[in-house]
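Asker: Got a sequence here, can you model it:
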Amino acid sequence: MTTTAWAVAALAAARGLDGADYAETWRRAEKFLAGCWNTPAQGAAPGPWADGGFITHPKHSKGGEREIDVDVYQFRSYGSATADALRAFARLGFGADDPRVASAREWLGRNYAVTRNPGFPEHAPVAYDQGIFYYYLLSLARGLDVA
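Answerer: Numbering: from 1, shown residues only. Model (predicted):
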């Protein structure tokens, strides 16, 4: 998620410099970001995992997992990944009316914190948690700025 957000920002800044068409790159970035969105598939019943936040990668999350049913786990949304997604979707040109942008903003509003990275496991090692926390503040500020 972080790498995608930075790559999209760099490409957005370079747009038009060399006349290159980044349409395929934009499409692939959008697909990756959408795969990190904790929301039910279209037509699926909502559940506790459909909190509207974002995770690190479609196959794992630094935020860990939570048990939503007996032996059924879901990756946990957390602040820095959600802020990165907000920043990346804004750089891709999606406005506030896009459901993913709105969902990320709503998640960040519901889980807003300035003392820790929201959604991140409380039992994380202190040094790792601190690094993720400071990155969350950076990404939140930049994400809200561009969104």
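Asker: can you count the residues close to residue 96?
Answerer: Neighbourhood size, residue 96 [other Cβ atoms under 10 Å]: 9. Using the backbone N, CA and C atoms, a C-beta is placed for each residue, glycine as well.
Asker: Name the helix or strand for residue 4, please.
Answerer: helix 2-14 (DSSP states H and E).
Asker: For the protein, which segments count as strands?
Answerer: 65-69, 72-75 (DSSP state E).
Asker: Sheet partners, orientation included, of the shortest one?
Answerer: Pairing partners of strand 72-75, with direction, according to DSSP bridges: strand 65-69 (antiparallel).
Asker: quick one: the helices in this structure?
Answerer: 2-14, 23-35, 79-91, 99-110, 126-146 (DSSP state H).
Asker: Could you dump those helices into CSV with mean neighbour count, mean pLDDT and distance to residue 50 added?
Answerer: Formatted as CSV, those follow (neighbours: other Cβ atoms under 10 Å; pLDDT from 0 to 100; distance: least, Cβ to Cβ, whole Å):
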stretch, mean neighbour count, mean pLDDT, distance to residue 50
helix 2-14, 16, 88, 22
helix 23-35, 14, 90, 14
helix 79-91, 29, 93, 14
helix 99-110, 18, 92, 10
helix 126-146, 16, 82, 21
